[in-house]
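In: Sequence unavailable; structure follows:
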């Protein structure tokens, strides 16, 4: 229990909880849209949590050692908006709450971390809030081990619903939390037995508490409408060294006399008559969106008390020998990349022939030795993704200072945990799997972009070049699919130098995620220059035409070498050909038209070459361009035979270009 907590009498807690109920039902009614049932049902639990356990300061919402509170059941967003307003955060204001779910309102339908400082992460896709909380708890343990308990010693609290616990990611997330013994993580389960369709018995019969216990969690239960019983269960959870699940047995829509306890209150406004009846049951006579002064004062007193604990922490920070380093880490600042210039110079001199997954490992070896914020991992493919370095020893209960996470076969859980670590601050997470399995974690990658999370995805075995594993493992549509996610930088480097440049760009990006698509097969070095990061513009001219330019070949990754060979063959036939390496569409799209036109001039045949779907390439090559790729699933064979079979060779490409040119 927080040492700065105010232990208010139940007689004062009840009207405080009813303030949440009133704001929630009024806001949903005004919007004619939303979910009043969960906020009304969990109002009592949230009131106990915020009044007796949660460490927070509304005046400093990003105070690094605050407790993290995650509303995994994001559809009940009015619970969180009510709490933020009542405790005294600058936003949302009462006018913001009046405009719940309206265009440009900070009170969006589901909580968005980019809209409100008090929202730790964007939730709504069920289960992901809880899974991100695992990442936040990992970050807390790691930073505690690195900087000590004086600077880092906080809890991670989650409110989750039945749906969060049904989602498959829940299995992945709680397994990670138990394996790493994240005792500072406490999940408050809104056990109301209701989903949108009706009673949970329609779809499930599992013993959830038994499942959690079997996984290695501590479990407890409480009457979610008995303040003393709630406090007892939360105190047990806080004291147990294991991660805890508290089953809070609640009535959805508590206080709405005719609809409570039914699915009718889950995702629809109560209606004017039911709201009037609820006001009578709750003894709430205030007008809509008005909180009586004495009740608001009780809530604001809780927020004010957090300032004292924050002040104590700031004093400890000021006297700590590593205060500057810690503050820089939490601000996302990078140290000087010692040895990086020399590493790139060596690549230019040696021009190694390497798989880009190996080039990635080499780059990581240099970067992780310098950037202690980098924490890596893999979904059981460490030796294939090449994500572990000498500097990243295993993270474990025996050594939370370790910087490498063994996620097991949990791609979705890994990606969500990475988001949590990135949003916690002080950590730059990267994690690996095969590119084809990015589908397993796609929704978390999408949330990385929505939340502007600094997460880096290492996606290896990026094409038919992986060979014999066949179509189940050979990505075809995956690069194009990832490119469709707004805000995600998708990087497909062509050699060791480009891989290093892409890593530098991804690492320095503070406001969004990046994905590196890397090869299994060796690729020749194409660059012997290291003066500038040529990938920074997303595309650049690698080879300039010698004869009069008739064609521009655009390629990414392993196909850049094919483009270079094809250009040479075209030049021998008197056809001038540029080769443009295009490792990152998103960065190229950010350049001005003059630069784009200088690489892909009008009136010149543009040809794309990529060992994946041709979908999307006509954006760059135009309707009259030639897109060479693979618009079907792959096959099982050695890589070189597959490239020949699918026509990704100089011998197959050059005749198509000549025919397109009418030669």
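Out: Perfect, thanks for sending it. Please read all numbers here as calculations on a predicted model, not as lab measurements.
In: which residues are in contact with the helix or strand hosting residue 40?
Out: Using DSSP states H and E, residue 40 sits within helix 37-48. Helix 37-48 is contacted by residues 13, 16-18, 20-21, 24-25, 73, 75-76, 78-79, 82-83, 159, 161, 188, 190, 192, 194, 224-227, 230-231, 234, 248, 250-256, 260, 265-267 when judged by Cβ atoms under 8 Å, 6 or more residues apart in numbering. Using the backbone N, CA and C atoms, a C-beta is placed for each residue, glycine as well.
In: And stretch 617-624, by the same measure?
Out: Contacts of stretch 617-624 (Cβ under 8 Å, 6+ apart): 554, 582, 585, 600, 605-608, 610, 625, 627, 629.
In: and which of those is nearest to residue 526?
Out: Closest to residue 526 out of the contacts of stretch 617-624 is residue 582 (13.1 Å), distances taken as Cβ to Cβ.
In: Next step: the contacts of stretch 617-624 restricted to strands.
Out: 554, 605-608, 627 (DSSP state E).
In: In TSV, list those residues along with distance to residue 593.
Out: Converted to TSV, the ones in strands among the contacts of stretch 617-624 look like this (distance: Cβ to Cβ, whole Å):
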residue	distance to residue 593
554	17
605	20
606	15
607	21
608	19
627	22
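In: just these now: which is nearest residue 146?
Out: Nearest member of the ones in strands among the contacts of stretch 617-624 to residue 146, counting by Cβ to Cβ, is residue 554, at 44.2 Å.
In: Isn't that closest one up against residue 609?
Out: Yes. Counting by Cβ atoms under 8 Å, residue 554 touches residue 609, with 7.1 Å between them.
In: any residues in contact with both of those two?
Out: With Cβ under 8 Å, 6+ apart as the test, residue 554 and residue 609 both reach residue 563.
In: Where does the prediction get shaky in the chain?
Out: 1-6 (pLDDT under 70).
In: thinking again about what came up before, biggest separation within the contacts of stretch 617-624, which pair?
Out: 585 and 605 (19.8 Å).
In: between those two, who's got more neighbours?
Out: residue 585 (22 against 19; other Cβ atoms under 10 Å).
In: The more buried one and residue 483 touch, don't they?
Out: Yes. With contact defined as Cβ under 8 Å, residue 585 reaches residue 483; the gap is 5.7 Å.
In: Overlap of the contact sets of the two?
Out: Contacts common to residue 585 and residue 483, judged by Cβ under 8 Å, 6+ apart, are residue 490.
In: Return the residues in contact with residue 608.
Out: Counting by Cβ under 8 Å, 6+ apart, residue 608 has contacts 554-555, 614, 617, 620-621, 625-629.
In: before we move on, what about residue 153?
Out: 65, 144.
In: Can you read off the backbone torsions of it?
Out: phi -160, psi 80 (degrees, to the nearest 10).
In: what does the one 4 residues further on give?
Out: Summarising the backbone geometry of residue 157 under the convention degrees, to the nearest 10, its torsions are phi -110, psi 140.
In: And it, how close does it get to residue 46?
Out: 10 Å (Cβ to Cβ, to the nearest Å).
In: Need phi/psi at residue 103.
Out: Per degrees, to the nearest 10, the backbone of residue 103 is at phi -60, psi 130.
In: can you check residue 513 too?
Out: According to degrees, to the nearest 10, residue 513 has phi -90, psi 160.
In: Against residue 454, how distant is it?
Out: Counting by Cβ to Cβ, the gap from residue 513 to residue 454 is 7 Å.
In: out of the two, which sits in the busier spot?
Out: residue 513 (30 against 27).
In: Please tell me how far the more buried one sits from residue 450.
Out: 10 Å.
In: joint contacts of the two?
Out: residue 487.
In: Nearest residue to residue 129 in space, please, no chain neighbours.
Out: In space, residue 129 comes closest to residue 72 once its chain neighbours are excluded; the distance is 2.9 Å by Cβ to Cβ, 6 or more residues apart in numbering.
In: what about the one you found, distance to residue 56?
Out: Where residue 56 is concerned, residue 72 sits at a distance of 18 Å (Cβ to Cβ).
In: Between those two, which is the more surrounded one?
Out: residue 72 (31 against 28).
In: Is it correct that the more buried one is in contact with residue 123?
Out: Yes. The pair residue 72 / residue 123 is scored as a contact, 5.7 Å apart, by Cβ under 8 Å.
In: what do those two both touch?
Out: Counting by Cβ under 8 Å, 6+ apart, the contacts common to residue 72 and residue 123 are residue 129.
In: Wait, residue 136 touches residue 422, no?
Out: No. The pair residue 136 / residue 422 is not scored as a contact, 9.7 Å apart, by Cβ under 8 Å.
In: Name the residues contacting each of the two.
Out: Common neighbours of residue 136 and residue 422 (Cβ under 8 Å, 6+ apart) do not exist.
In: Setting the sequence-adjacent residues aside, check what's closest to residue 470.
Out: Nearest one to residue 470, counting by Cβ to Cβ, 6+ apart, is residue 636 at 3.4 Å.
In: Quick one: classify the one you found as helix, strand or coil.
Out: coil (DSSP: H, G, I helix; E, B strand; the rest coil).
In: For it, give its distance to residue 469.
Out: 7 Å.
In: same thing with residue 549?
Out: 40 Å.
In: List the residues that contact the nearest residue to residue 128 once chain neighbours are set aside.
Out: In space, and not counting its chain neighbours, residue 128 is closest to residue 416: 5.2 Å by Cβ to Cβ, 6+ apart. By Cβ under 8 Å, 6+ apart, the contact list for residue 416 reads 128, 131-132, 134-135, 169, 173, 441, 444, 447.
In: ok, now residue 150?
Out: 316, 320.
In: Assign it to helix, strand or coil.
Out: coil.
In: For it, what are phi and psi?
Out: phi -60, psi -30.
In: That one and residue 65, how far apart?
Out: 9 Å.
In: same deal with residue 137?
Out: In terms of Cβ to Cβ, residue 137 sits 14 Å off from residue 65.
In: More neighbours: which of the two?
Out: Ranked by neighbour count (other Cβ under 10 Å), residue 137 and residue 65 place residue 137 first, with 28 against 22.
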